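S.K.: A structural model of the following input is requested.
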Amino acid sequence: MTDFEIKLERIRHLLDRRQADALVIARRDNFAWLTGGEESGVILNQETGFVYLVVTRKELTAAALWADAAKAKEELLAGLGFTVHTLNWKQPGKEQYIERLLKGKKALSDIPLEGCLCDTEAVYELEYPMTETEIERYRELGRLSDRILADTAGNIKRGMTEQEIKAELLRQCADRGVETDVLLVGADERIEKYRHCTPTEKAAEHTALLSPVLRRYGLHSNIARMVCFGSVPEEVREKYDAVCQIQAEIISMSREGIPFGEIFQMQERSYRQLGYGQEWMRHGHGAPVGYMLSDASVLYNSGRRMMPGQAYEWYVTVSGAKSAELVMNTGGRQEILSMTGLWPEKEYRTSNGDVIKLPDIWII
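M.R.: Okay, here's the model as predicted:
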């Protein structure tokens, strides 16, 4: 079976389980999943695309305005068997067209639509296990992530502003055909004060945090690395080792079938044991990643468990330090896809005796 056929079968099994007639896919991330990485978006700061898909047990339908229909037919959906319905700008929009198309039927959707049950979480769960093609693409993205961050670190200097560091990171991404969905760059006290350091004209004198969300083939890599100029301040070293210790404990504990809730409980205990209990509530703590940027619903669903062929990003933060890597459950083990030997590494021994290597602070 092709990747597309595997995913189509999963959708139709979902329809059977939910006794539904159709699934509507309007979000860009879910479009990329079903089509193997194609981009349905034009306005890239919004979640919905310009081509909507409707999958039933027997039919594949797409709806788009004239400006996008030909591209959908000839490029985005070529060879997949979709019938493309072309709408002009005077007609009701894609949403109203699909609502009429599905009137009287039970349908699921990944956005709110009249007459449909919106269940984005159910669609996200269809991503796993990832196919062999997707796993290899994720490994490629992991290698690119390490390269982009290492080359960025190699080109920044003390005194550069957060905006200048951002520009260097974006240049590295552009050279490799990688896009950014989030780009946080923090310097010195801003890393201490803010979890989300959107770049400013603040100059980096001692420490810089690089924390992008990179995207290629529709897949996401959410990572964080830290850089110090000249030497590592003692307080930064203490905090960075703490977040990496928690990161190592998470990776060591992670295994197929474990409830995500147990991992979050362990994280909370680790924060307290390391003296950072007050930091636990100041940021989210990670989730599966893939075509979605982050499936944070696992934080609130006690029934969700780790699956095979599933990727994760565990963002472990305290005020002044952050650890985040692209990790994937492959072949019964946790593979850190974003570590390829380009960045300095340090070993952390976990409470169960495992030794986990993680990126260390890069000293310039």
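S.K.: C-alpha from now on. contacts and neighbour counts both.
M.R.: Will do.
S.K.: Flag the shaky bits of the chain, pLDDT-wise.
M.R.: Along the chain, no part satisfies pLDDT under 70.
S.K.: Show me where it has its helices.
M.R.: Assigned helices in the chain, in chain order: 3-18, 28-35, 66-71, 94-101, 120-124, 132-155, 162-175, 189-193, 234-253, 260-273 (criterion: DSSP state H).
S.K.: What is the neighbour count of the residue nearest to residue 3 when sequence neighbours are not counted?
M.R.: Distances taken as Cα to Cα, 6 or more residues apart in numbering place residue 131 nearest to residue 3, at 6.8 Å, with adjacent residues excluded. Using other Cα atoms under 10 Å, residue 131 has 15 neighbouring residues.
S.K.: cool, residue 226 as well?
M.R.: Neighbour number of residue 226 under other Cα under 10 Å is 24.
S.K.: related to what we said a few turns ago, so which of the helices of the chain is the most surrounded?
M.R.: Mean neighbour count (mean count of other Cα atoms under 10 Å) peaks for helix 28-35 among the helices of the chain, with a mean of 24.
S.K.: how's the protein carved up into domains?
M.R.: Domain assignment of the chain by automatic domain parsing yields the ranges 3-127, 132-363.
S.K.: Now for the residue nearest the centre of the chain: which residues touch it?
M.R.: Closest to where the C-alpha atoms of the chain average out (Cα atoms, centre = their mean) is residue 293, at 3.2 Å. For residue 293, the contacting residues are 213, 220, by Cα atoms under 8 Å, 6 or more residues apart in numbering.
S.K.: and residue 123, how far is that from residue 354?
M.R.: Applying Cα to Cα, to the nearest Å, the value for residue 123 to residue 354 is 35 Å.
S.K.: And residue 251, by the same measure?
M.R.: 10 Å.
S.K.: how much space is there between the nearest residue to residue 161 once chain neighbours are set aside and residue 185?
M.R.: Spatial nearest neighbour of residue 161, excluding adjacent residues (Cα to Cα, 6+ apart): residue 203 at 3.9 Å. Relative to residue 185, residue 203 is positioned 11 Å away (Cα to Cα).
S.K.: Mind checking which of those two has more residues around it?
M.R.: Neighbours were counted for residue 203 and for residue 185 using other Cα under 10 Å; residue 185 has more, 27 against 19.
S.K.: Name the residues linked to that one by a beta bridge.
M.R.: Applying DSSP bridges to residue 185 yields these beta-bridge partners: residue 210.
S.K.: all strands for the stretch 201-350 of the chain, in order.
M.R.: Using DSSP state E, counting those that start in this stretch, the strands of the stretch 201-350 of the chain run over 207-216, 219-222, 225-228, 287-289, 310-313, 316-318, 321-323, 326-330, 333-336, 345-349.
S.K.: Can you give the contact residues for the fifth one?
M.R.: Pointing back at strand 310-313 there. Here strand 310-313 makes contact (Cα under 8 Å, 6+ apart) with 128-130, 221-223, 286-290, 294, 324-330.
S.K.: So residue 288 sits against residue 294, correct?
M.R.: Yes: at 5.9 Å, residue 288 and residue 294 qualify as touching, with contact defined as Cα atoms under 8 Å.
S.K.: If you count surrounding residues, which of the two has more?
M.R.: Between residue 288 and residue 294, residue 288 has the larger neighbour count (other Cα under 10 Å), namely 25 against 18.
S.K.: mind checking how far residue 238 is from residue 206?
M.R.: Plainly put, residue 238 is 15 Å away from residue 206 if you go by Cα to Cα.
S.K.: For residue 94, give me its contacts.
M.R.: Counting by Cα under 8 Å, 6+ apart, residue 94 touches 52, 63-65, 87.
S.K.: Between the helices of the chain, which one is closest to residue 362.
M.R.: Nearest to residue 362 among the helices of the chain is helix 132-155 (7.5 Å), distances taken as Cα to Cα.
S.K.: Return the distance of the closest one from the chain's centre.
M.R.: Taking Cα atoms, centre = their mean, to the nearest Å, one finds helix 132-155 lying 14 Å from the centre of the chain it belongs to.
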